[in-house]
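In: need coordinates for the below:
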Amino acid sequence: MNELDQDPCPCRPLLDRLGDRWSALLLVTLQQGPAHYGDLHRRIGDISRKILTEKLRSLERDGLITRTVLGGPVLRVRYELSPLGRSLARPLDAIRDWIDQHQPAVEANRLAYDTHHAAPGVTELRRRAATALVSTTA
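Out: Okay, here's the model as predicted:
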């Protein structure tokens with residue numbers, strides 16, 4: 001691997017982890033306290049079991065959560081934030097506060113953008129192409 005192949009930002013893998021669709025949500029959910037796998041699946045809602053397992057393993061690998069297997073007649077697994085994961089509480093809370101405060105403005109900007117930059121439909125694209133063809137042959 002040469003210098004050009006290396007990512008210029010060594011923090012990218014961790015930013016990718018924290019910015020993916022589910023990891024931050026799992027961390028925020030675990031801020032409320034330890035949870036069993038099934039509880040996490042119910043609380044998060046629309047995450048598949050496969051993705052939940054993958055994300056929990058990744059967060060455990062990064063040292064952000066801990067996994068404890070509990071014995072008994074039925075084995076249960078409990079997840080909780082590690083000290084490193086708990087250190088993310090304030091930054092995640094700040095992001096949630098920012099979202100709470102600015103989400104209406106973001107939605108208004110999206111609506112304005114989408115209204116102004118509406119993608120033309122197939123009929124409009126065909127009309128434009130026909131108009132361009134007529135004007136070049138005339």
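
In: list the contacts for the most centrally placed residue in the chain?
Out: Geometric centre of the chain, nearest residue: R21, 2.0 Å, by Cα atoms, centre = their mean. Not one residue lies near R21 by Cβ atoms under 8 Å, 6 or more residues apart in numbering. Using the backbone N, CA and C atoms, a C-beta is placed for each residue, glycine as well.

In: V74 versus that one, what's the distance?
Out: 30 Å (Cβ to Cβ, to the nearest Å).

In: wait, a helix at the residue nearest to the centre of the chain?
Out: No: read with DSSP: H, G, I helix; E, B strand; the rest coil, R21 is coil and lies in no helix.

In: now do the same for it: its pLDDT.
Out: Predicted confidence (pLDDT) for R21: 84.

In: what's the answer for W98, then?
Out: Model confidence at W98, expressed as pLDDT, equals 93.

In: try the one 5 residues further on
Out: In the prediction, the pLDDT value recorded for Q103 is 95.

In: specify the local secondary structure of it.
Out: Q103 ends up helix, using three-state DSSP.

In: run a quick neighbour tally on it.
Out: Neighbour count for Q103, taken as other Cβ atoms under 10 Å: 10.

In: any idea how far it is from R17?
Out: Counting by Cβ to Cβ - Q103 and R17 are separated by 23 Å.
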